[in-house]
Each structure stands twice: as structure tokens, then as C-alpha cells.
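Novice: Generate a structure from the sequence data that follows.
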Amino acid sequence: MKWSELPSDAKRYIIYHVLVSPSLFTWVLLPYYLLVSGLSVLEVGMLYTVVEAAGIPLTLALGKAFTRLDVRKGLAITDFLAVLSNLLYFAAEGAYAPLVFAVGMLVEEFSSTFYPLYQAYERAVYPQDRLKEVMVWHLRLPETAVVAAYPVMGVAWGYLCPSQDCLRIAFLFFAAYSAAMAVYILAFFKPVIPSKEGGEEEEESGLREALRSLKGKLRIYVAAYVLYILGWSLAPTFALVNYVQENYGGNLFHVALVESSVSLATVSATYLVDRIPEERSFEAMQYGVAVVTLGLAIISLSPPFAVIVAAFYLARIGESVWFAFNRAWFLSSISEEESTVVSASISAIIRLTSILTPAIAGVLSYVDPRLPYAAGLAMILLTIPLYDKARAALKPEEQAGTAEKV
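Specialist: Alright, predicted model coming up:
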């Protein structure tokens, strides 16, 4: 599908993601600033865990009230919350700085309540009969913006103005930028009122039943998926920042290069996945995991920095392939009626088990900056025998069904 063939509302939405993508640099900037301001990586890990735990009741208490809005207004609130969190980061100074940071991070955590609204808006503005073609634009353009913008911002705050005062001013800049993005949404997005299907209550009441009903191949799927996600959660962004600082004496520019390589890999993977034959979809997922483990193994060995950048690129290529075909496996293993409840169950498992992962990552990083990646590698390696077991259990017609879902 050519860009000119996209509906105007879809174009405006994709342009929004292109414009907003550089502001995600704050996800790198925040842990970098926390570390250079004097906090140890152990303290940063504990801070993230406290915020993660505190964010759960806040999200449950307030999330429902705000997500039943015009989708456009909900998305604008997301950017206004980014304004608030960045202003708090800018204001964090002195003895109370860790507390102010925690409040800002809690605001940012709460904003994730609105993330499902992005999918709701996509369903409203993307042509469903050509969704795969539209998603190519949706992935490639914003990730290309990251590849172009992150190194520039890395130079600005890694070399040209690397002081703590400049880093604080950077948060003020991103607060203003996020405010502009909220105005963009209100000015150019069309109103979308989601239908009230009463899904949340049904999902919550059926959560325990769904967990008990996980059996056979689906249980294998859930175990492999949770292990994989938790493996990556042991190496969060603050672990990357600490790794680059401690092992290579790097600054924000070096972290930006790594993040840019990850986005470049995502763009590359959109071309790669289309060229994988459908009949080899399950095998491709296994190869994707193998490539991820190879990338993590290289990272764990502390090679030259240029090799680290290439290793992160390699790992994201493998993860992108895994993601595409892992979703296909899930859709082929469960009925359409069950998908919502089981998806909610999986999310609940990951949310509960990942509360402590930032603290664990902080402890591992404190002992050795490479350990989060070694631990993540070990956990992801545990998924390989599960995939072998699941593949052996698949009937030929089920393997074909998996391919059709891609």
C-alpha cells in the first residue's frame, strides 16, 4: 500500500507516532540522569520496583474511570501526563529529589492505563482489510524517526551539554514537546467513542477460571511466553545505561546508539518477516529465539562497543521474528471467544511476576553490569525445550493453521 492510498485519519495518526517517537528518549534520559545524579544502580532498581508496585492499585482504582472516554481525549491525557511527569523530573532537586522522581515515575506508570486506547483508535482509522500493509507504515516510519533523532539528542546531551543542569532542562524541553503532541491529537484526531461491551468485568471475573483452564499446548505456550518476557525484563533500560557507563565509560550518546540500532533492527525485520514462507512459521519462531539468545550471549561477554551495538541489533531482529510468529501460534492454539480472557490472564501473570524484576536487575547490575543479560539469557534458554515440546505436539493441520495466522 502506497502512502497516498492511506485514509487521511490514518496518515495523521501515523504522523503523530513519527513526531512523538523522539520524545520516548526520556525513557533513556531518566535512568541516565538518576545514575549520574548520585544514585547507585541498586537504588535505581529499588526505586523502579517501588513505583511498579505502587502503580498497580493506582491503575486499578483510576484506570476504569478514565478509559471510558472519547478515545481521542484519552490519548491526549496520555501526553498531558507525560508533561506532568517531565515537569516533576525537572523539579527534582535536593534532599527530596528521590521522592519527586518517584511521584513522576508513578504518573508515568499510570499513563500506561491509556495504552489500550491506541489500539482502539487504530481499529477506528486503519482499513481492516489491508491492516498488514498499514502496519508496515505504522512500524517503519516511527522507528526510522528514532534512528534519526536519538543519536542527535545523544550528541546534544552526551557531549555538547552533558551537565546535570542541562539534563534537567532536557526534561523541561520534553514537557513542552509532549504538550504540543497533546494539542496535535485534539486538533487532528477525529472523535472515537468505543462501544461499551462490558469486557473488563467479564475478564476480571473469569481470570481465575482462565488460569485454571490453561492446559496442554496452551499451558506450554503461556509458560514459554512468560519466561521469555521475564527474561527481557531482567535487563531494563537502566541496566543498559549502567552497562554502557561501567563497561565502556560511555555517556548518553553511546546509549542512544544502542537504542537506535534496536529501532533500525525493527525496521529491517518488517522486510524479513514478509520473506519467511508461511509453512515455516513455527520453525521461524524457534530461530528467532535462537538469534535472541546469540545476541544476549555476545552482550554478556563485554566485547568492543561496536560489537555491542551489532549484538543489540541482532537480538532485536530475532525478537521481531519471534513476536510475529509467537502471536500466530497463540491465535492458532485458542478459540476467538477465549482469546480475550486468556490474554488478560497472561497479562496478569506477567504483571504480578515482574514487580520484583527491576530490583533483581538492580542487584545483578550492582554485582556485575553484565549479569542482567546473562540472567535474561538463561531464562530465555529455558523456553527452547518448551518450544520443542510444543512443536512435537502440534498436528500437521495445526501447523498449517499457525502459518495462516501470520
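
Novice: CA atoms for contacts and neighbours, from now on please.
Specialist: OK.

Novice: Would you map out the domains in the protein?
Specialist: Following automatic domain parsing, one finds the domains of the chain at 1-194, 197-406.

Novice: Could you dump these into JSON lines with mean pLDDT and mean neighbour count added?
Specialist: What follows is those, written out as JSON lines (pLDDT from 0 to 100; neighbours: other C-alpha atoms under 10 Å):
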{"stretch": "domain 1-194", "mean pLDDT": "90", "mean neighbour count": "18"}
{"stretch": "domain 197-406", "mean pLDDT": "81", "mean neighbour count": "19"}
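
Novice: mind listing the helices for the stretch 101-250 of the chain?
Specialist: All helices of the stretch 101-250 of the chain, identified by DSSP state H, counting those that start in this stretch, fall at 116-125, 131-155, 164-188, 199-205, 207-213, 216-233, 237-248.

Novice: closest one to Y89 among those?
Specialist: helix 164-188 (6.5 Å; C-alpha to C-alpha).

Novice: angle of the closest one against helix 131-155?
Specialist: 150 degrees (axes from the mean of the first three to the mean of the last three C-alpha atoms, to 10 degrees).

Novice: Need the contact partners of helix 164-188.
Specialist: With C-alpha atoms under 8 Å, 6 or more residues apart in numbering as the test, helix 164-188 has contacts from 12, 16, 19-20, 23, 26, 29, 33, 36-37, 72-73, 75-80, 82-87, 89-91, 157, 161.

Novice: Out of the residues you listed, name the ones that lie in helices.
Specialist: 12, 16, 19-20, 26, 29, 33, 36, 72-73, 75-80, 82-87, 89-91 (DSSP state H).

Novice: Next, work out how far apart L386 and V222 are.
Specialist: Separation of L386 from V222 (C-alpha to C-alpha, to the nearest Å): 10 Å.

Novice: The closest residue to R140 other than its chain neighbours and P236, how far apart?
Specialist: Once flanking residues are discounted, R140 sits nearest to V267: 5.1 Å by C-alpha to C-alpha, 6 or more residues apart in numbering. V267 sits 21 Å away from P236, going by C-alpha to C-alpha.

Novice: helix or strand for P369, which one?
Specialist: Assessed by DSSP states H and E, P369 sits outside every helix and strand.

Novice: Give me the helices and strands touching the lengthiest helix in the chain, please.
Specialist: Counting residues, the longest helix found in the chain (DSSP H) is helix 305-333. If you count contacts as 3 or more C-alpha pairs under 8 Å, 6 or more residues apart in numbering; DSSP states H and E, helix 305-333 packs onto helix 216-233, helix 252-274, helix 281-300, helix 396-405.

Novice: Nearest approach to L141 belongs to which of these?
Specialist: helix 252-274 (8.3 Å).

Novice: mind checking how far the closest one is from the chain centre?
Specialist: Computed by C-alpha atoms, centre = their mean, to the nearest Å, the chain-centroid distance of helix 252-274 equals 13 Å.

Novice: Stretch 274-284 too?
Specialist: 24 Å.

Novice: can you check stretch 129-138 too?
Specialist: That offset, for stretch 129-138, works out to 20 Å (C-alpha atoms, centre = their mean).

Novice: do the same with stretch 223-239
Specialist: 11 Å.

Novice: CA atoms only: put that stretch into CSV for me.
Specialist: Once non-C-alpha atoms are left out, stretch 223-239 reads as follows in CSV (Å, rounded to 0.1, in the frame of the first residue of the first chain):
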residue,chain,number,x,y,z
ALA,A,223,5.0,-20.9,30.2
ALA,A,224,7.3,-20.1,27.3
TYR,A,225,5.8,-16.7,26.8
VAL,A,226,6.1,-15.6,30.4
LEU,A,227,9.7,-16.9,30.7
TYR,A,228,10.6,-15.0,27.5
ILE,A,229,9.1,-11.7,28.7
LEU,A,230,10.6,-12.0,32.1
GLY,A,231,14.0,-12.8,30.6
TRP,A,232,14.0,-9.4,28.9
SER,A,233,12.5,-7.7,31.9
LEU,A,234,15.7,-8.6,33.8
ALA,A,235,17.6,-6.2,31.5
PRO,A,236,15.6,-2.9,31.7
THR,A,237,16.8,0.4,30.3
PHE,A,238,18.6,1.4,33.5
ALA,A,239,20.6,-1.8,33.3
